[in-house]
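1. Sequence and predicted structure are below.
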Amino acid sequence: MGAAAVGAVLAVGLATTTVVNVVASESESHRIESYGQRVDVNGGKMNVFMSGTGENIVLLPGFGTSSPVLDFAPLVRDLATDHRVIVVEPFGYGLSDGTDRERTTENIVAEVHTALEALGVDRYVLMGHSIAGIYGIEYAARYPQEVSAFVGIDSSVPGQPGMDAGFPTGLLSAAKNLGLLRIVAALNDGYSDVYSEHAREQMRMLSNRNSITPTYLNEMTHIATNFERAQGTVFPEALPLLLFAVSENAQNPDWLGLHERQAESVRDGTVVPLPGEHYLHHTHATDIAEGFRSWKAGRSL
C-alpha cells in the first residue's frame, strides 16, 4: 500500500473516531448521574458531597481525578460510619464547573476554602491524595485555625523528582478531539474491581468529559511552577501529619524517604508504608480508615 493510500486510510479512520467521539460525548452528557450539592464559588458552581456525622474530614483528590466523589467512595463509606466526610470536587473535576482562573496552588486553595466556608465547615482534618499534598501545605499555612491535621494518601512532596517536565498539552488536546483518548480509556480504565460496573461506567463518562478540558490543561501546565513554588516549604511544625505512602516506588526509590523526612519536619509525624500502587485508596480503603482511627485515638485534634 502506497503512502497516499495509507494517508487516506488514516484520514478516514480519524474522521470516524472524531465523529464517534462527538456523538458519544453528547449521549453521555445525558447519562451522567448527579450527586452532592453545588456551591457558589467565584461566580461558578463547585460540587461537594457530604456523608456521615461526627468530626469533619475533608477529602481532596489527586490531579485529573475524573470524579473525586466516586473515586473516594470506598474510603468514604468506611470513614463516614463515625465521621462527617466532605469530598470537594475542585473546578474542572467531577460535576464542578470549569473555570478561566489560573490553576495556581493559591487559587485552587482559596476556591476550596470558599466552598467549605459557604457550607459552614470551619474545623476539619484535611486528607488528600497525590498533588493534594502540595496544595495541602499551602492550605494548612493559610488556614491554620481550621486544619487540625493533614493525612496524605501517597501525597506529593516538595522536591520530588520529575515534576519540572513539560506536558504536550497541544498534542493531548488534539488526541481528545480526534477521539483517540476515548479509545485508550475504553481499553483500560484503570479502575479497581472494588467499584461496581455502574460506578466504573459513570467514572469513564466523567473522565471522557473532564479530561483535557481547558481547566484540566491549565492545571497541568501549572504543575511544574506549583511544585517549584512549593520547593522548601513544609507543613506547620505543630500540625500532626499522618502519611500513607507506597512502600516501593520503582520510579522513585527514595519515595518513602521523602515522606519520612517530611514527617520529621513536624513535631508529630507518622508514616505508614502500604504495598501497592499510587491510588492506595482504591485497594487499601479499610487499612487507611482503620489506620487513621488508630492514629487519631492517641491525639486531641
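-> The structure has been received and is ready for your questions. In this text the structure is predicted, and so the values were computed from the model without any measurement.
2. ranges for the strands of the stretch 201-301 of the chain?
-> 241-246, 269-274 (DSSP state E, counting those that start in this stretch).
3. Who are the contact partners of the closest residue to Thr283 other than its chain neighbours?
-> Nearest non-adjacent residue to Thr283, counting by CB to CB, 6 or more residues apart in numbering: Gly276, 5.3 Å away. C-betas here are computed from N, CA, C, even on glycine. If you count contacts by CB atoms under 8 Å, 6 or more residues apart in numbering, Gly276 has them with 246, 283-284.
4. Dump those residues into CSV; add pLDDT as well.
-> Output for those, formatted as CSV (pLDDT from 0 to 100):
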residue, pLDDT
Val246, 97
Thr283, 93
His284, 96
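5. Of the residues you listed, keep whichever come out buried.
-> Buried residues within the contacts of Gly276, counting neighbours by 16 or more other CB atoms under 10 Å: 246, 283-284.
6. which residues in the stretch 1-150 of the chain form helices?
-> When secondary structure is read from DSSP state H, counting those that start in this stretch, the stretch 1-150 of the chain shows helices at 3-29, 68-71, 73-79, 105-118, 132-142.
7. coming back round to it: pick the most deeply packed of the strands of the stretch 201-301 of the chain.
-> Highest mean neighbour count among the strands of the stretch 201-301 of the chain (mean count of other CB atoms under 10 Å): strand 241-246, with a mean of 24.
8. So what are the sheet partners of that strand and their directions?
-> Strand 241-246 has these partner strands in its sheet, going by DSSP bridges: strand 147-153 (parallel), strand 269-274 (parallel).
9. okay if I get those strands as CSV plus mean pLDDT and distance to Thr65?
-> Compiled in CSV, these are given as follows (pLDDT from 0 to 100; distance: least, CB to CB, whole Å):
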stretch, mean pLDDT, distance to Thr65
strand 147-153, 98, 12
strand 269-274, 98, 19
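10. Quick one: the ones you listed as CSV, columns for distance to Arg209 too.
-> What follows is the strands paired with strand 241-246, written out as CSV (distance: least, CB to CB, whole Å):
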stretch, distance to Arg209
strand 147-153, 24
strand 269-274, 31
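11. Looking at these, spot the one closest to Met163.
-> strand 147-153 (16.0 Å; CB to CB).
12. hang on, Asp133 packs against Gln160?
-> No Asp there; residue 133 is Gly. No. Gly133 lies out of contact with Gln160 (CB atoms under 8 Å); the separation is 9.2 Å.
13. Looking at the two now, which is surrounded by more residues?
-> Gly133 (26 against 17; other CB atoms under 10 Å).
14. That one and Thr270, how far apart?
-> 15 Å (CB to CB, to the nearest Å).
15. Likewise for Leu280?
-> Relative to Thr270, Leu280 is positioned 15 Å away (CB to CB).
16. Could you do Thr225 as well?
-> Thr225 is 30 Å from Thr270, by CB to CB.
17. now do Gln37
-> Separation of Gln37 from Thr270 (CB to CB): 33 Å.
18. Asp193 now?
-> To Thr270, Asp193 is 30 Å away according to CB to CB.
19. Likewise for Phe72?
-> Here Phe72 is placed at a distance of 21 Å from Thr270 (CB to CB).
20. Same check on Glu102?
-> Counting by CB to CB, the gap from Glu102 to Thr270 is 35 Å.
21. about what we covered before: considering the buried ones among the contacts of Gly276, which is situated nearest to Glu33?
-> Nearest to Glu33 among the buried ones among the contacts of Gly276, with distances taken as CB to CB, is Thr283, at 24.6 Å.
22. Surely the closest one touches Val246?
-> No. In this structure, Thr283 is not within contact of Val246 by CB under 8 Å, at 10.8 Å.
23. Give the residues shared as contacts by these two.
-> Both Thr283 and Val246 are contacted by 276-277, under the criterion CB under 8 Å, 6+ apart.
24. What ranges in the stretch 151-300 of the chain fall below the confidence cut-off?
-> 165-192 (pLDDT under 70).
25. so Phe235 touches Leu241, yeah?
-> Yes. Phe235 lies in contact with Leu241 (CB under 8 Å); the separation is 5.9 Å.
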